[in-house]
Each structure stands twice: as structure tokens, then as C-alpha cells.
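Enquirer: I need the structure of the sequence given here:
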Amino acid sequence: RHIGQNIKELPPDQRLSQAQLVLAQIKKKSATSNVPQPLIRAFARGSVVPVLGAGVSRTAATAQGLRPPLWPEMLKLGIDNIFDKDRRISAIRFMESNFFVESCEIIRFTLQEHWIDLMKDALLRRDFQVSRLHRAIRALDSKITIDLNLDNIYPNLASQDGSVSVKLYSEDDITNFIRDGDRVVIKAHGSINVPNKIIMSAADYARVRSEHSSFVFLVESLLISHTFVFIGCGLFDPDFRILMENYRFRYPHSRPHYIFLPRGLYDDSYEEIILPARGLRVIWYDPANEHEELAVKLEWIKEKLQEGYADLSSDLLDR
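Expert: As a prediction, this is how the structure comes out:
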């Protein structure tokens, strides 16, 4: 009521803009009310590792409104090019059961080089423009970011000023960048620019665990020393599911890591049963308007850091 009285005292031409500002502030406070203080403190210490999933890339778009495909869409594109009836049916069944890597194995084996061409057409040969969410993640200026996407949308944004390096999971010198305190984006599933290093199929995941076990050990070490926050990620990535479950049962009393999830996509069973087994705490958000609320939450974290959230015992987040 007090706010309403203040607005009424303004000249008519200012009332609308002032009311819109007040509503925006109320909306922002509501959107950020569930951001955990320990996560803010971890950002203040520089110990957060954002893990970017397909949902982040999905917010990018071309001038014509085209967006990078999600897993099922990419698989469907491959399945549409399979003309062997039995293999096509098998790939569809795996995909519909959320066994994406098994479906991809069938597609890759069947299509061979054509599968790479299809992925390049979908991910590389389009002028995707970064979104508000991309910019909000970059503004947090994390020293280590893990990108699970095959496209280069976020890496290109992060590295354009020359202060961030981009490394494939297979490169031997990743640890040097981390020890030296340099900023680095790690392409944990490879890049569409290097097709022979892409991790998508069941065989690819097995190969990484065997040939690049040092990278797996690196991620396991970061899980102990850093706070992971999963952004735009699903819950079906085989390697990260195993890594998180192993971490949870090896260190049952450790602080949780975090995952942003859109309301409506997952039910309460994920938060109550599945996610505790992986040591993850959910930060729910409204996915309306191209996941606008998720970007608002991250921008608000940046604002708190800019306000000088250096005293980690302070009560700065009290509203």
C-alpha cells in the first residue's frame, strides 16, 4: 500500500514506468529467493565449477529462430536417415527409453561418416547467437567451466577476449591450466570441430574411461575441492551420473553440489529419491520465457559478488 501511494504521487507520465520497475523488483526477489547462501559463498571464493548442458546451448538461436538440437532431436535426425527397418526400430526404442548413448551407437554404426555431416550441419554450420543465459554464466567469470555440449557457442563467447582457454578432455595439459589458476573451459564431451574425439555413443564413453582415465580422475578431484553447479543439464549422462553417485557414497557427509532444474519437467521423486543419491541439491526455476528466471538468478549472484561479498560469514543475503 505504501508503494502504491508513492506511485500515485508521481506525475502521470512517470507512474507506468515506476510501477513496472516495482513489479520487476518484486519478480526478481521472488525469482532469487531460493538461491542457497553456500553457493554464493562458493562463488565468492572462486571455487565453483559450472557444468553446462544442452539446455544452455538451446537458448542460443539464429536470426531465423533455429536452435541447437537437444539429444532426442539430434538422435531423431539420425534415425530419419536410417533405412534399415530393424536398426531404425532399435534406435527408436532406445531413444524413447532414454537410453540415448545406445541409440546413438546404432546411428553412428549405421550412418558412418554421414552421421558426422548431419551433426556438423546442426551444430557447426549455423550462426547461433549467444543468449542472456550465456552472458550471465560468462559474467560470473569462473576459473573452471565444464561444457558438455559439442557446439562451440559458449567457448567462443568465453574466449573472445583472450582470457579463457578452451581445452578438450583429451589434452594432456589441462592440469597445468588449473594449477596455474588460468581460466579454462573444458570440453568434456569433445567438440564438433574434432569429430574423432566426440563422446556420444556407448563405445565413446567406454573409450574415455579406458584411454583418458586421467581426465576422469581430474573431475573426481574437482568434485572434492570445488562446488559443481549443473546448468541446463539432464540427469541421464552416463559418466557424470556414475561420477556423482560414486562421490556421494564415498563422501556421504560432504556438502552437496547443485543443479538448476525447471519446474514441470521433473517431479518431486527426483528431488526426494534420485538426486540425494548423487549428492545434488535442486534449485528450481520457472522455465517460462526461454528460461528467463534462470538467467535472473545467475545475474543476481553476480550482483551480490559485485556488492563485495568478501566476508563469507556476513549476512549479506538477508532480505
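
Enquirer: for the stretch 151-300 of the chain, what spans make up the helices?
Expert: 153-159, 174-179, 202-211, 213-225, 238-250, 268-269, 288-306 (DSSP state H, counting those that start in this stretch).

Enquirer: want to throw these into JSON lines with mean pLDDT, distance to Gly53 and mean neighbour count?
Expert: All C-beta spots, glycine's among them, are computed from the backbone N, C-alpha and C. Listed next are the helices of the stretch 151-300 of the chain as JSON lines, based on pLDDT from 0 to 100; distance: least, Cβ to Cβ, whole Å; neighbours: other Cβ atoms under 10 Å:
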{"stretch": "helix 153-159", "mean pLDDT": "96", "distance to Gly53": "11", "mean neighbour count": "21"}
{"stretch": "helix 174-179", "mean pLDDT": "92", "distance to Gly53": "20", "mean neighbour count": "15"}
{"stretch": "helix 202-211", "mean pLDDT": "87", "distance to Gly53": "16", "mean neighbour count": "15"}
{"stretch": "helix 213-225", "mean pLDDT": "92", "distance to Gly53": "15", "mean neighbour count": "14"}
{"stretch": "helix 238-250", "mean pLDDT": "84", "distance to Gly53": "9", "mean neighbour count": "17"}
{"stretch": "helix 268-269", "mean pLDDT": "74", "distance to Gly53": "20", "mean neighbour count": "8"}
{"stretch": "helix 288-306", "mean pLDDT": "92", "distance to Gly53": "12", "mean neighbour count": "18"}
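
Enquirer: Val35 is nearest to which of these?
Expert: helix 288-306 (5.7 Å; Cβ to Cβ).

Enquirer: Any idea which of the helices of the stretch 151-300 of the chain gets closest to Phe43?
Expert: Closest among those, once you apply Cβ to Cβ, is helix 288-306, at 5.9 Å.

Enquirer: What lies in contact with the closest one?
Expert: 28, 31-32, 35, 39-40, 43-44, 55, 59, 131-133, 136-137, 139-140, 231-232, 260, 262, 283, 285-287, 316-317 (Cβ atoms under 8 Å, 6 or more residues apart in numbering).

Enquirer: Sweet, I'm off.
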